[in-house]
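1. 3D model of this:
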Amino acid sequence: SVNTQYFIFELKAELNSDKKEKKKEAVKKVIASMTVGKDVSALFPDVVNCMQTDNLELKKLVYLYLMNYAKSQPDMAIMAVNTFVKDCEDPNPLIRALAVRTMGCIRVDKITEYLCEPLRKCLKDEDPYVRKTAAVCVAKLHDINAQLVEDQGFLDTLKDLISDSNPMVVANAVAALSEIAESHPNSNLLDLNPQSINKLLTALNECTEWGQIFILDCLANYTPRDDRESQSICERVTPRLSHANSAVVLSAVKVLMKFMEMLPKDLDYYGTLLKKLAPPLVTLLSAEPELQYVALRNINLIVQKRPEILKHEMKVFFVKYNDPIYVKLEKLDIMIRLASQANIAQVLAELKEYATEVDVDFVRKAVRAIGRCAIKVEQSAERCVSTLLDLIQTKVNYVVQEAIVVIKDIFRKYPNKYESVIATLCENLDSLDEPEARAAMIWIVGEYAERIDNADELLESFLEGFHDESTQVQLQLLTAIVKLFLKKPTETQELVQQVLSLATQDSDNPDLRDRGYIYWRLLSTDPVAAKEVVLAEKPLISEETDLIEPTLLEELICHIGTLASVYHKPPSAFVEGSRGVQHKRIPIRSGSGESSESQDTGGAPGATEAPAAVIPSQGDLLGDLLNLDLTPPTSTAGAPPGPPMPMGGMDLLGGGLDSLVGGGGSLLTPLSLMGSGFGAPAAVMPSSLNAPVGGGLGDLFDLGGGVGMPMGTFVPPKTLWLPAMKGKGLEIMGTFARRAGVIQMEMTLTNKAMSVMTDFAIQFNRNSFGLAPAGPLQVPTPLSPNQTIDVSLPLNNGGPVMKMEPLNNLQVAVKNNIDVFYFSCQYPISMLFVEDGKMDRQVFLATWKDIPNENEAQFQINDCHLNSDAASNKLQGSNVFTIAKRTVEGQDMLYQSMKLTNGICVLTELRVQTGSPTYTVSDRHTHALWVMIPARAGV
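-> Numbers count the residues shown, from 1 in each chain. Alright, predicted model coming up:
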């Protein structure tokens, strides 16, 4: 418009005025117009001309204008470069810092390359204010052009600033490096060691509150070498707990919660630290409601990890009348987590009071909380039930309904204890209108039908409006009536036919229809089986079903004081792009026998010990082989370079897993009994075979108490391969069997975590006989919590070969949607005996004679009470073939042959003394046979 043009013209004249005051007022008008959204970009050259001034206020205004319009006027912005360079050498440090700060905010590629020299000078400026500003500028420049920053060596300069004498420079350098490291998780920019940690802790005491937060967050990414270093850091961080800024307090709590994991619990300092953590957390609850809520969400995580910190502070979580609802609900949740036998009376008195409030949501949660108390603290159950009955007598509809829902759970936790209250519950049947309450009441009537005289009438009353009920109620009603029929068949035949007809013929819901058909077929074909299925004893419910899954809890503890701790979700769940999705783990104390799972880049040279070199991290595995969506494999430090391998035979584990997962054992016993002699010293006789012999002949004779079959392959009993503690809730038990000429790896998988498991896959490390999966691991998923399934994995011997110690050791990696897990197991050598291992009699005799006596090894098998014929038959079931038999001086001598999957033949002589429980086994092998496996393995 004309007015705008005139306004611009007028400002242009004022900007070119000779009077400094007039210039300054004109620039203020320009900034004011820009702030309200007017386009004043036409004045760009005139405003830039005003940069040539000594007035700091005017310079700030010009720089503000420049930052706003540089992107839309990149060619014009180049005009300002000379002024920037000049200002970076100004005697006034405020102007130098202002110039470098503005440079970092101008996101124009053409300009950035001109700014490198001024920035380099400012990073080494004598004034700390300029240096701290320049440090942040490096992070901004890295965001615009990462390659330029790396080429110019700014990252190394930033690392040097961590050793700066000024604490604010140190804090800003840490902040800048942390920011850059987030976008490059594998760059190891913050290469923390005890010396640099000491410098950070020194700076911590003197820098501003936000500087302290940067340093504390950086410390949280460090893994101490041992518990002494961990304690030292904790002692120096503890004073931050008394800081006035709640963000500093939470950051300090995060560091202490992580490092406490490395302290022995019997240490005096551990108890002192627990006591010191409580007061600052309590103090946070006296802030305004919004801060209270953030504090409560963080406290919720802390209480789940370490309830002992706040176990004596129950009263601070009691609800105040003027608390907002979001604070009330969060306090209620923490009260339940802290409830114990010592304070349950206090808690119940409070909860009963809350149940009479006016806020419906809060009252519902309070009633549920009473039920959770009953389930959590057994001694309080009776008092809780009594309190719930008092609440039912109030006849307040939503209170009654919530009470019935929680009483159902109490019945599940304490069967045959509180069923006397059922009559009171039945009186309130007509007032129930919410699906969850109706379903709970129907479950109670069906479960205790034999104690309720008119159970059929009660269930029939629900049946009248069957199609109007929610699916939850329909399913519960169907099951309850079938239970009733199985308990009182003569009286309820019509009722069960009616509900089955409604469920199968008149319903569109597939779940309801399927359940109806299953019940119908069960009842019509096998009523006894139906009774066993429908009336089976139910497992007791757990008291803490709402706990956060342990691995997620550990990650959230590492994010205390951030949005993740408020959402109770990992950053990857709500942050888009590559930033902020780095998984963090609490370090494990070195004495605990587990390797640290921390993926943090910080750590002293000694912090990552041998286990880290042996077990690859999550990002190092299986990706190319099984398309498991993991990052590409990287070389593992310390692992010897193996020979090139074909696809499908990648060495996952680096060849050293035994020491970590207990895959040890004697090489001698299993192999020498088999007569293979691969590296086994000759003529060593184990004194007793009562102990498990790790897959030797003793197993074939059923000495280990396995599942022996008279004329079939011996199958050892299943043993625990992966405990749930190491498998993050996944437990694997297994054994090996040979069926129809195929080796089978038979496993029982149990999900003991709180979340479903999917996407299973398996991979073997190179092994002595080239065993490898013949196909993918077929696990019907999802594997639900507490579900157990049996799976059988066929194996072949076409994989890559490497001699193992012991020879029959197998290292396995199993992957699911949670993580990749490693374990080691041993297969019986008998699984490798093939069906065509029977030698011609003449060939056997000739070969036996040709082998020199020094190539013979001899062993004994004790406590075997089979005669020679029975032993021969039993061994033949495992492909150990008797070629000839002769008797000398009352001693039966069986000459036997067997052939391994790799073509090696083993010849044995088995001596059985009539009436003696001790067998003597001699085996012979040629030198050529002995070297065959090492030759294939390339060792």
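2. where does this protein dip in pLDDT?
-> Using pLDDT under 70 as the threshold, the predicted model of the chain has low-confidence ranges 1-6, 185-188, 543-546, 577-713, 924-939.
3. can you give me the strands in it?
-> 719-722, 730-739, 742-751, 761-764, 772-773, 788-796, 809-815, 820-826, 856-861, 881-888, 891-899, 905-913, 919-924 (DSSP state E).
4. how about the ones you listed, which one is nearest Ser572?
-> strand 820-826 (17.2 Å; C-beta to C-beta). Bear in mind the C-beta positions are built from the backbone N, C-alpha and C, glycine included.
5. and that closest one, what does it pack onto?
-> Under the contact criterion of 3 or more C-beta pairs under 8 Å, 6 or more residues apart in numbering; DSSP states H and E, strand 820-826 touches helix 658-661, strand 719-722, strand 730-739, strand 809-815.
6. need the winner for burial among the ones you listed.
-> strand 809-815 (a mean of 23; mean count of other C-beta atoms under 10 Å).
7. please name the nearest non-neighbouring residue to the residue positioned nearest the centre of the chain.
-> Nearest residue to the geometric centre of the chain (C-alpha atoms, centre = their mean): Thr551, 3.7 Å. Once flanking residues are discounted, Thr551 sits nearest to Lys728: 5.3 Å by C-beta to C-beta, 6 or more residues apart in numbering.
8. ok, Asn817 - contacts?
-> Taking C-beta atoms under 8 Å, 6 or more residues apart in numbering as the contact definition, Asn817 lies against Met757, Thr758, Asp759.
9. ok, back up a step: any chance of the strands of the chain in TSV, with distance to Val255 too?
-> TSV is the format used below for the strands of the chain (distance: least, C-beta to C-beta, whole Å):
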stretch	distance to Val255
strand 719-722	33
strand 730-739	31
strand 742-751	34
strand 761-764	37
strand 772-773	44
strand 788-796	40
strand 809-815	32
strand 820-826	29
strand 856-861	58
strand 881-888	67
strand 891-899	61
strand 905-913	60
strand 919-924	61
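10. which stretch among those approaches Arg228 most closely?
-> Arg228 sits nearest to strand 820-826 of all the strands of the chain, at 29.7 Å, using C-beta to C-beta.
11. in the closest one, which residues are buried?
-> Buried residues in strand 820-826, counted by 16 or more other C-beta atoms under 10 Å: Val820, Phe821, Tyr822, Phe823, Ser824, Cys825, Gln826.
12. chain neighbours aside, what residue packs nearest to Gln474?
-> Closest residue in space to Gln474, ignoring its immediate chain neighbours: Leu512 at 5.4 Å, by C-beta to C-beta, 6+ apart.
13. quick one, what contacts the one you found?
-> The neighbourhood of Leu512, defined by C-beta under 8 Å, 6+ apart, consists of Thr471, Gln474, Leu475, Leu478, Ala503.
14. equivalent analysis for Glu450, please.
-> Neighbours of Glu450 in contact, by C-beta under 8 Å, 6+ apart: Lys487, Lys488.
15. do the one 10 residues further on as well
-> By C-beta under 8 Å, 6+ apart, the contact list for Glu460 reads Leu495.
16. any idea how far it is from Lys569?
-> Using C-beta to C-beta, to the nearest Å, Glu460 is found at 46 Å from Lys569.
17. how about Pro45?
-> With C-beta to C-beta as the criterion, Pro45 and Lys569 are 50 Å apart.
18. those two: which has the busier surroundings?
-> Between Pro45 and Lys569, counting by other C-beta atoms under 10 Å, Lys569 is the more crowded of the two (17 against 12).
19. phi first, then psi, for that one.
-> Dihedral angles of Lys569 (phi, psi; degrees, to the nearest 10) stand at phi -130, psi 150.
20. hang on, the earlier thing: tabulate the buried residues of strand 820-826 (JSON lines), appending distance to Pro717.
-> Below are the buried residues of strand 820-826 laid out as JSON lines (distance: C-beta to C-beta, whole Å):
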{"residue": "Val820", "distance to Pro717": "27"}
{"residue": "Phe821", "distance to Pro717": "22"}
{"residue": "Tyr822", "distance to Pro717": "23"}
{"residue": "Phe823", "distance to Pro717": "17"}
{"residue": "Ser824", "distance to Pro717": "18"}
{"residue": "Cys825", "distance to Pro717": "13"}
{"residue": "Gln826", "distance to Pro717": "14"}
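21. between the residues you listed, which is nearest Gly271?
-> Closest approach to Gly271 among those (C-beta to C-beta): Phe821, at 34.2 Å.
22. ok, that closest one touching Pro723?
-> No - using C-beta atoms under 8 Å, Phe821 and Pro723 do not qualify as a contacting pair, with a distance of 10.2 Å.
23. what is the neighbour count of the nearest residue to Thr901 once chain neighbours are set aside?
-> The shortest distance from Thr901 to any residue other than its chain neighbours is 4.3 Å, reached at Asn797 (C-beta to C-beta, 6+ apart). Neighbour count of Asn797, defined by other C-beta under 10 Å: 17.
24. so what's Asn797 up against?
-> If you count contacts by C-beta under 8 Å, 6+ apart, Asn797 has them with Ile743, Phe769, Gly770, Leu771, Ala772, Leu832, Thr901, Asn902.
25. what of Thr748?
-> Each residue near Thr748 by C-beta under 8 Å, 6+ apart is listed here: Lys718, Ile732, Met733, Gly734, Thr788, Ile789, Asp790.
26. which of these sits closest to Leu192?
-> Compare each of those with Leu192 using C-beta to C-beta and the shortest gap goes to Ile732, at 36.4 Å.
27. for the closest one, give its distance to Pro571.
-> Distance from Ile732 to Pro571, by C-beta to C-beta: 30 Å.
28. likewise Asp75?
-> Asp75 sits 40 Å away from Pro571, going by C-beta to C-beta.
29. try Leu64
-> Computed as C-beta to C-beta, the Leu64 to Pro571 distance reads 33 Å.
30. who's more crowded, these two?
-> Taking neighbours as other C-beta under 10 Å, Leu64 and Pro571 compare with Pro571 leading, 20 against 17.
31. so the more buried one touches Ala564, yeah?
-> Yes - A contact is recorded between Pro571 and Ala564 when judged using C-beta under 8 Å, the distance being 5.1 Å.
32. select, out of the helices and strands packed on strand 820-826, the one closest to Gly465.
-> Taking C-beta to C-beta as the criterion, Gly465 comes closest to strand 730-739 out of the helices and strands packed on strand 820-826, the separation being 44.4 Å.
33. residues near Ser878, how many?
-> Neighbourhood size, Ser878 [other C-beta under 10 Å]: 23.
34. name the nearest residue to it, ignoring sequence neighbours.
-> Beyond its immediate neighbours in the sequence, the residue positioned closest to Ser878 (C-beta to C-beta, 6+ apart) is Ser830, lying 4.5 Å away.
35. if you rank the contacts of Asn817 by neighbours, which is first?
-> With neighbours set by other C-beta under 10 Å, the maximum within the contacts of Asn817 is found at Met757, which has 22 neighbours.
36. partners of the residue nearest to Gln858 when sequence neighbours are not counted in the sheet?
-> Once flanking residues are discounted, Gln858 sits nearest to Ser922: 4.9 Å by C-beta to C-beta, 6+ apart. Ser922 forms beta bridges with Gln858, Glu909, as assigned by DSSP bridges.
37. list the contacts of Ser922.
-> If a contact means C-beta under 8 Å, 6+ apart, then Ser922 has Glu856, Ala857, Gln858, Thr908, Glu909, Arg911 as its contacts.
38. how about Asn343?
-> Applying C-beta under 8 Å, 6+ apart, we find Asn343 in contact with Met314.
39. now the phi/psi pair for it, please.
-> The phi and psi values for Asn343, taken as degrees, to the nearest 10, are phi -120, psi 10.
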